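K.L.:
mind folding the following:
(chains A and B)
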Protein chains: 2
Amino acid sequence: MREAKGDSCPLPGAAATGGRVTLGHGSGGRMSAELINSLFARCFSNPVLDRLDDSARLEAPAGRLAFSTDTFVVDPIFFPGGDIGELAVNGTVNDLAMSGARPLWLSCGFVIEEGFPLSDLERVCVSMARAAARCGVEIVTGDTKVVGRGGCDGLFINTSGIGVIAGDFESGPEFIRPGDAVIVSGPLGSHGMAVMLARGRLSFSSEIRSDTAPLHEIALELVDRLGPEIRVMRDATRGGAGAVLAELAGAAGLSVLVGEVPVADDVAVACDILGIDPLFVANEGRMVVIAAADAAGEALALLRKHEIGRDAAVMAEVVDEPGGRLLRLTPFGSRQ
Amino acid sequence: MREAKGDSCPLPGAAATGGRVTLGHGSGGRMSAELINSLFARCFSNPVLDRLDDSARLEAPAGRLAFSTDTFVVDPIFFPGGDIGELAVNGTVNDLAMSGARPLWLSCGFVIEEGFPLSDLERVCVSMARAAARCGVEIVTGDTKVVGRGGCDGLFINTSGIGVIAGDFESGPEFIRPGDAVIVSGPLGSHGMAVMLARGRLSFSSEIRSDTAPLHEIALELVDRLGPEIRVMRDATRGGAGAVLAELAGAAGLSVLVGEVPVADDVAVACDILGIDPLFVANEGRMVVIAAADAAGEALALLRKHEIGRDAAVMAEVVDEPGGRLLRLTPFGSRQ
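P.N.:
Numbering: from 1, shown residues only, chains lettered A, B, ... in the order given. Predicted coordinates for the structure are as follows:
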């Protein structure tokens, strides 16, 4: 782990704009340069970024590249267990890791609404810098746009990432076979419920915290140790594990028989009250792993060695039924 | 040049949503998959994208990598001479090319406002596909977010790009020397004025068209032929050529003496009416090249061979005065 940068990012000149982002900060002129130098360049500093060129110049790594992009538009941007900055780093790190890639470099594109508090922007950047340091990735290039009031909802962040795929690891739905085990790296639905409750529009509250976390360490260890026994890995973000499994089953031309879905008690209660199925609630630090049945035990043991995979569980099985369906076992053992 | 893809991208199911983007299109579920399959995957189809994995897997090219990101938030999204889709491709292609890189791959992140017309989204995607084909780049990975009404201003597009830098080309403000020539690849300010006038809030109209265009061919030819005689190249986007020169002069610790700024007649008239200096108006297909004085003639000749550089001109000179200032020659020959 590298030392986290940017634990304090002073913002000279913030007073001049009432502590808020102005259209001038996106003009490409003096104020843009001030924002870049006083905030982004300080928080994310590294030799490549520090050049502030139109593009980052990087030594090509040995191996295949993975390339991914994700835009983060979460509301609210701060929520129990995380914030949009941490999500934006972990999310793209995870997308790369799911391909078996070691994440190396991120780009960062901000779209900021005029009037957005500079102190919130600083807090987000500090969070991004910490998350990047924790993942061993560098933010090497960036872009900032400011839109007028009402032009966007506070702050959107796009991160794109490059990673390197060591060895000859291949994965995808075409490798899935009947009998394969479906493992989840931990209980489902915490992120989505934490964000939903943080909006404060519901009549009850809870202590549910987002599960946002980087998955690259456990993903790379799985690939390293089990290679082709790992058929496919997916982080279960929007649409939850259910959407991931439906998509994979459809692509594989098989079906998935879902057993017990691991859910934390407080999330289960909240989902129950709201009538939501946690299988379809978003996660930001949970992965679905489809592994050869023979390797499931080892995969599970490996995941459980890590704090983040402590509660990993086999939650489903691939079955030889066409149609790409998700079948649920009812409490009485029948199929839905 | 490759054959342009996606000249028609049918949108099955568009009728079911009144021909508009809905929140369901960003849910990660069935409607998301339909939008991806019926529009993005068809328009941008290539073997890497077609896998629709969390990240694109790419063979690493021989050479250093360039990596760049840009978010496009132009209002209006369609304007004389181009649209947001063409901008989003050309803009990132140009950022890569300015580092001396051949652009190879783009990512594409859409943020779409609920209710946005699917036909407009299709038009933008077709435009992106055409622009990508013209530049010889592939859109290999993407992401789509839909935000509620009022959550964003129609459509934002982030593109990030990877290119390969052949040879040992280095550039940057540290290579700039007194006496170097500042060349622009064509008349300035057309893009910014075209967009400003397209907003329709001004009391006059004109036929001004955006200059959006890919610059990689002329940039790579300059690098290939003149190598280290090319000190630095920058596309003169936000803030115009003036902002680029001020930034470079500041970083180099020198000043720039600006002579005659090439501007198209209609742009000059519009700027004059509005009291705007075209030196500081945005371009999307113009580059500033700082070249050794000895090489300026060859650089100019080379640019002028291309349609896009037909009106290239020397517009300024680097002078040995500290302070990173832009000096203007007045019509009477004195300095401002």
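
K.L.:
switch to C-alpha atoms for all contacts and neighbour counts from now on
P.N.:
OK.

K.L.:
what sits against residue A:236?
P.N.:
A:243, A:244, A:282, A:283, A:284, A:285, A:286, A:287, A:288 (CA atoms under 8 Å, 6 or more residues apart in numbering or on different chains).

K.L.:
what's the spacing between it and chain B?
P.N.:
For residue A:236, the distance to chain B (CA to the nearest CA, to the nearest Å) stands at 10 Å.

K.L.:
what score does that residue have for pLDDT?
P.N.:
Model confidence at residue A:236, given as pLDDT, is 97.

K.L.:
and residue A:196, by the same measure?
P.N.:
pLDDT at residue A:196 comes out at 93.

K.L.:
now the helices for the stretch 151-300 of chain A?
P.N.:
A:190-198, A:216-226, A:240-252, A:265-274, A:296-304 (DSSP state H, counting those that start in this stretch).

K.L.:
between those helices, which gets nearest to residue B:238?
P.N.:
helix A:190-198 (35.4 Å; CA to CA).

K.L.:
now the helices of the stretch 151-300 of chain A as TSV including distance to chain B and mean neighbour count?
P.N.:
Shown next, in TSV, are the helices of the stretch 151-300 of chain A (distance: least, CA to the nearest CA, whole Å; neighbours: other CA atoms under 10 Å in any protein chain shown):
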stretch	distance to chain B	mean neighbour count
helix A:190-198	12	23
helix A:216-226	13	19
helix A:240-252	6	22
helix A:265-274	18	15
helix A:296-304	21	20
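
K.L.:
and those helices as TSV, adding distance to residue A:156?
P.N.:
Listed next are the helices of the stretch 151-300 of chain A as TSV, based on distance: least, CA to CA, whole Å:
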stretch	distance to residue A:156
helix A:190-198	16
helix A:216-226	24
helix A:240-252	21
helix A:265-274	27
helix A:296-304	32
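
K.L.:
closest one to residue B:64 among those?
P.N.:
Closest approach to residue B:64 among those is made by helix A:216-226 (24.6 Å; CA to CA).

K.L.:
tell me how far the closest one is from the chain's mean position?
P.N.:
Centroid separation for helix A:216-226 versus its chain: 17 Å, with CA atoms, centre = their mean, to the nearest Å.

K.L.:
and the angle from that helix to helix A:296-304?
P.N.:
Angle, helix A:216-226 to helix A:296-304, by axes from the mean of the first three to the mean of the last three CA atoms, to 10 degrees: 150 degrees.

K.L.:
most widely separated two among the contacts of residue A:236?
P.N.:
A:243 and A:285 (15.6 Å).

K.L.:
hang on, isn't residue A:271 packed against residue A:281?
P.N.:
No: the pair residue A:271 / residue A:281 is not scored as a contact, 9.0 Å apart, by CA atoms under 8 Å.

K.L.:
find residues that contact each of those two.
P.N.:
With CA under 8 Å, 6+ apart, residue A:271 and residue A:281 have common neighbours residue A:193.

K.L.:
for chain A, longest strand please?
P.N.:
Longest strand in chain A by number of residues (criterion: DSSP state E): strand A:101-113.

K.L.:
sheet partners, orientation included, of it?
P.N.:
With DSSP bridges as the test, strand A:101-113 is paired with strand A:138-147 (parallel), strand A:155-165 (antiparallel).

K.L.:
show residues contacting the first one.
P.N.:
Right, strand A:138-147. Residues contacting strand A:138-147 (CA under 8 Å, 6+ apart): A:21-23, A:25-26, A:44, A:46, A:48-49, A:52, A:54-56, A:104-114, A:132, B:67-71, B:73.

K.L.:
need the contact list for whichever residue of chain A sits closest to chain B.
P.N.:
Relative to chain B, the nearest point of chain A is residue A:152 (4.0 Å; CA to the nearest CA). The neighbours of residue A:152, taking CA under 8 Å, 6+ apart as the test, are A:111, A:112, A:113, B:150, B:151, B:152, B:153.

K.L.:
whichever of the residues you listed end up buried, select them in ChimeraX.
P.N.:
A single ChimeraX command selects the buried members of the contacts of residue A:152 (16 or more other CA atoms under 10 Å in any protein chain shown):
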select /A:111,112,113 /B:151,152,153
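
K.L.:
shouldn't residue A:102 be in contact with residue A:92?
P.N.:
No: at 11.4 Å, residue A:102 does not count as touching residue A:92 under the criterion of CA under 8 Å.

K.L.:
ok, back up a step: not counting its neighbours along the chain, what's nearest the residue of chain A closest to chain B?
P.N.:
Closest residue to residue A:152 apart from its sequence neighbours, by CA to CA, 6 or more residues apart in numbering or on different chains: residue B:152 at 4.0 Å.

K.L.:
now swap in residue A:243 and tell me
P.N.:
residue B:29 (5.7 Å).

K.L.:
list the contacts for that neighbour?
P.N.:
Residue B:29 neighbours (CA under 8 Å, 6+ apart): A:238, A:239, A:243.

K.L.:
and which of the residues you listed is nearest residue B:295?
P.N.:
Using CA to CA, the contacts of residue B:29 come closest to residue B:295 at residue A:238, 54.1 Å.

K.L.:
any figure for the gap between residue A:287 and residue A:184?
P.N.:
Per CA to CA, to the nearest Å, residue A:287 is found 6 Å from residue A:184.

K.L.:
for the stretch 51-200 of chain A, what spans make up the strands?
P.N.:
In the stretch 51-200 of chain A, strands defined by DSSP state E, counting those that start in this stretch lie at A:56-58, A:64-72, A:78-79, A:82-83, A:101-113, A:138-147, A:155-165, A:181-184, listed in chain order.

K.L.:
could the ones you listed go into a markdown table alongside mean pLDDT?
P.N.:
Formatted as a markdown table, these follow (pLDDT from 0 to 100):
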| stretch | mean pLDDT |
| --- | --- |
| strand A:56-58 | 95 |
| strand A:64-72 | 97 |
| strand A:78-79 | 97 |
| strand A:82-83 | 98 |
| strand A:101-113 | 98 |
| strand A:138-147 | 97 |
| strand A:155-165 | 97 |
| strand A:181-184 | 98 |
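
K.L.:
now for the ones you listed, which one comes closest to residue B:97?
P.N.:
The nearest among the strands of the stretch 51-200 of chain A, by CA to CA, is strand A:56-58 at 11.5 Å.

K.L.:
the closest one and chain B in contact?
P.N.:
Yes: on the criterion CA under 8 Å from any CA of the partner chain, strand A:56-58 is in touch with chain B at A:56, A:57, A:58.
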